[in-house]
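Asker: predicted coordinates and the sequence they were generated for:
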Amino acid sequence: MKRLCIAFITFSILLSFSAVSQIINEAPVDGLFPDETWSVNKKPIPYPSIRRADVMWSKRIWREIDFRQKFNQKFYYPIDSQVSWKSFIMIVLDALKEGGRMTAYDISNTDELLVPITYNEIVGRQIDTIHQISRRPYPPYEEYDTTIYTDFDPTKVMRLRVKEDWYFDKQRSQMMVRIIALCPVLIVERDGQEQTSPMFWISYAESRDVFAQALVFNEFNSAMKLTYDELFWKRLFDSYIYKEQNVYDRRINAYATGIDALLESERVKNEMFRFEEDLWQY
């Protein structure tokens, strides 16, 4: 009987410890509702069907999104990644690091997706090397060369290049656009001047599954969840055109600078708008 009582008491104590551990392990609800996992199985918005015969006009456009603009800050933040909320560059880098979900392609003069590169190659290329001349703090105060190595800093990625095709679908009688590829751009300061360094290209069609499961901050209504796929689909960003498809294959800054380059960018945008308007008779 004594042994039975001891066994019963021991079992009760172990059961109470198990219940306490379960209560401790359950994280409190951080918000109005428990954390939702709907985005894990969320799929990208399907493209509308398109036939080659229905495309009566098309033009390739390259544009650039600057994360420092107020409307585009959702691409840049948060600085410190959270479980369900990361900056654009961290979403891309995490997908590349995992492997199989997204493929990066080397930068080329033609902006084509030709040579795949790995995550380690991307990070290794972004190690910055600065050569400077220093002076010893004691006599005879000799000068000597110093090489400073700085690791890749994702917060320096402040721009995003977008390659897209605009086309007029005569079946729908509508001007439409399809993003082809994306390119994060690193910005560094050298000798007081800002220098840009494109990192790699990714295929947008291949990356949509990742973007459809990545939440982005919705500044209009936090109750309405917004993904990066929906952001690109709804064109919820501000950008400027830096190149249009042309016979010389040159960018706008190759023949225009300053305010003239901005005016040329607006000209290209208005030219496409007028093309669609001229197809209708009132």
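Answerer: Cool, got the structure. Computed from a predicted model, the values in this text were never measured in an experiment. Numbers count the residues shown, from 1 in each chain.
Asker: how about Met102, nearest residue that isn't a chain neighbour?
Answerer: Ala95 (4.1 Å; CB to CB, 6 or more residues apart in numbering). For glycine as for every other residue, the C-beta is placed from the backbone atoms N, C-alpha and C.
Asker: secondary structure element for the one you found, which one?
Answerer: helix 88-98 (DSSP states H and E).
Asker: for that helix, buried residues please.
Answerer: The neighbour-count check on helix 88-98 (16 or more other CB atoms under 10 Å) flags 88-96 as buried.
Asker: just how off-centre is that helix within its chain?
Answerer: Mean-position distance between helix 88-98 and its chain equals 9 Å (CA atoms, centre = their mean, to the nearest Å).
Asker: and for stretch 99-115?
Answerer: For stretch 99-115, the distance to the chain centre is 15 Å (CA atoms, centre = their mean).
Asker: and stretch 171-179, by the same measure?
Answerer: That offset, for stretch 171-179, works out to 24 Å (CA atoms, centre = their mean).
Asker: now do that stretch, average pLDDT.
Answerer: Averaged over stretch 171-179, pLDDT sits at 92.
Asker: still on that earlier bit, mind putting the buried residues of helix 88-98 in TSV, pLDDT and distance to Val247 included?
Answerer: Converted to TSV, these look like this (pLDDT from 0 to 100; distance: CB to CB, whole Å):
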residue	pLDDT	distance to Val247
Phe88	97	34
Ile89	96	34
Met90	96	39
Ile91	96	37
Val92	97	33
Leu93	96	37
Asp94	95	40
Ala95	95	37
Leu96	95	35
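Asker: which of those lies closest to Asp106?
Answerer: For the buried residues of helix 88-98, the minimum distance to Asp106 (CB to CB) is 13.1 Å, reached by Leu96.
Asker: can you tell me how far the closest one is from Asp145?
Answerer: Look at Leu96 and Asp145: by CB to CB, to the nearest Å, they are 35 Å apart.
Asker: same check on Trp166?
Answerer: 51 Å.
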